[in-house]
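next come a sequence and a model predicted from it.
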Amino acid sequence: MTTRTPLMAGNWKMNLNHLEAIAHVQKLAFALADKDYDAVEVAVLPPFTDLRSVQTLVDGDKLKIKYGAQDISQHDSGAYTGEISGPMLAKLKCTYVVIGHSERRQYHNETDELVNAKVKAAYKHGLTPILCVGEELDVREAGNHVSHTLAQVEGGLKDLPAEQAESVVIAYEPVWAIGTGKVCGAGDAQEVCSAIRAKVAELYSQDLADKVRIQYGGSVKSGNVAEIMGQADIDGALVGGASLDADEFVKIIRFREQ
Ligand SMILES: O=C(CO)COP(=O)(O)O
């Protein structure tokens, strides 16, 4: 059985300017410094405009905190006003990039085809995708949450070679649980996450599927993280709102101490 290091990632969404980002990462680093947190990988996912500042801080102070972006263009360069490319993110030494977040699917009409192109663009430039999948409320109420989510997994990973797929992070984020305070029950989240792992095994192999980290996201807080992390197929959390409060995010990172 492969041991997967949990990944606790803070998706800041469109919050914190670059000065606030510096203060926030310093606070996190300070709070995490007194104890070893090697057993958990920690990442922040700030807006693009903060990345250079976060990089300078992480590099300068040799912090173990990793960072990444919230989106990537499928193109390497060219006339794509407002877009940010893989080479630009790689130059900033980003480790991760969020791809296909439900807010981008919803407000920017991102399709599985585009998400798949972005996943490939990330790997082309040495970035690890955090591929977001998950159903809307009506889909869950109709009982189609598993098939809907698995179709997104299959679409996002289409034609991706095994050497790349084995390092992908998949974030299961039921849309109805994002920012609503309605956390998906741990058992319900496990049901979908185990189905995601089975789908990855079907697409590649059981061995590869055992290496892939699957996160849960949607109203994760210090009060519910331990139960979520207690599930066999949940290897971390993608945290929105609660990651903007450094003390709360540190409690989430230290879920084992609860
Ligand atoms: O969308 C999310 C993380 O990507 C979850 O957001 P909340 O934790 O604010 O519900």
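Done, it's in. What you see is a predicted model; the values in this text were computed from it and never measured.

now do the contacts for Ser102.
132, 134, 173, 175, 178 (CB atoms under 8 Å, 6 or more residues apart in numbering). Yep, even glycine has a C-beta here, placed from its N, CA and C like the rest.

disregarding flanking residues, what is the spatial nearest neighbour of Phe255?
Once flanking residues are discounted, Phe255 sits nearest to Val225: 4.4 Å by CB to CB, 6 or more residues apart in numbering.

kindly report the same for Ala246.
What sits nearest to Ala246 in space, not counting adjacent residues and going by CB to CB, 6+ apart, is Lys27, at 4.0 Å.

confirm the one you found sits in a helix?
Yes - when classified by DSSP: H, G, I helix; E, B strand; the rest coil, Lys27 is found to be part of a helix.

for whatever residue of the stretch 1-150 of the chain ends up closest to the ligand, grab the count of nearby residues.
Of the residues in the stretch 1-150 of the chain, the one nearest the ligand is Asn11, at a distance of 3.7 Å by CB to the nearest ligand atom. Look at Asn11: counted by other CB atoms under 10 Å, it has 26 neighbours.

surely it meets Leu244?
No - at 9.7 Å, Asn11 does not count as touching Leu244 under the criterion of CB atoms under 8 Å.

circling back: contacts with the ligand among the contacts of Ser102, please.
173, 178 (CB under 6 Å from any ligand atom).

a markdown table for the contacts of Ser102, including pLDDT?
Supplementary listing: the contacts of Ser102 in a markdown table, determined by pLDDT from 0 to 100:
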| residue | pLDDT |
| --- | --- |
| Cys132 | 98 |
| Gly134 | 98 |
| Glu173 | 98 |
| Val175 | 96 |
| Ile178 | 92 |
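
which PyMOL command selects the buried ones in the contacts of Ser102?
Restricted to the buried members of these, where burial is judged by 16 or more other CB atoms under 10 Å, the PyMOL selection command reads as follows:
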select buried, resi 132+134+173+175+178
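
and the contacts of Ser102 as a markdown table, adding distance to Leu160?
Rendered in a markdown table, the data for those read as follows (distance: CB to CB, whole Å):
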| residue | distance to Leu160 |
| --- | --- |
| Cys132 | 16 |
| Gly134 | 19 |
| Glu173 | 20 |
| Val175 | 24 |
| Ile178 | 25 |
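
the residue of the chain found nearest the ligand: what's it in contact with?
Among all residues of the chain, Gly240 sits closest to the ligand, at 2.3 Å; criterion: CB to the nearest ligand atom. With CB under 8 Å, 6+ apart as the criterion, the residues that contact Gly240 are 11, 13, 178-179, 217.

so which of these are in strands?
Helix and strand membership here follows DSSP state E; of the contacts of Gly240, those in strands are 11, 217.

what is the neighbour count of Pro142?
Actually, residue 142 is Ala rather than Pro. Applying other CB under 10 Å, we find 11 residues neighbouring Ala142.

Glu135 versus that one, what's the distance?
Ala142 sits at a distance of 9 Å from Glu135 (criterion: CB to CB, to the nearest Å).

which members of the contacts of Ser102 occur in strands, if any?
Counting by DSSP E, the part of those found in strands is Cys132.

residues in the stretch 51-200 of the chain within reach of the ligand, list them.
101, 173, 178-179.

5 Å - rerun?
Residues of the stretch 51-200 of the chain lying close to the ligand (CB under 5 Å from any ligand atom) are 178-179.

would you list every one of the strands in the stretch 51-200 of the chain?
When secondary structure is read from DSSP state E, counting those that start in this stretch, the stretch 51-200 of the chain shows strands at 66-69, 96-99, 128-133, 169-172.

let's have those strands in CSV, adding distance to Gly185.
Written out in CSV, the entries for these read as follows (distance: least, CB to CB, whole Å):
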stretch, distance to Gly185
strand 66-69, 29
strand 96-99, 24
strand 128-133, 18
strand 169-172, 13
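
which one of these lies nearest to His148?
Between His148 and these, the shortest gap by CB to CB is with strand 128-133, which sits at 8.6 Å.
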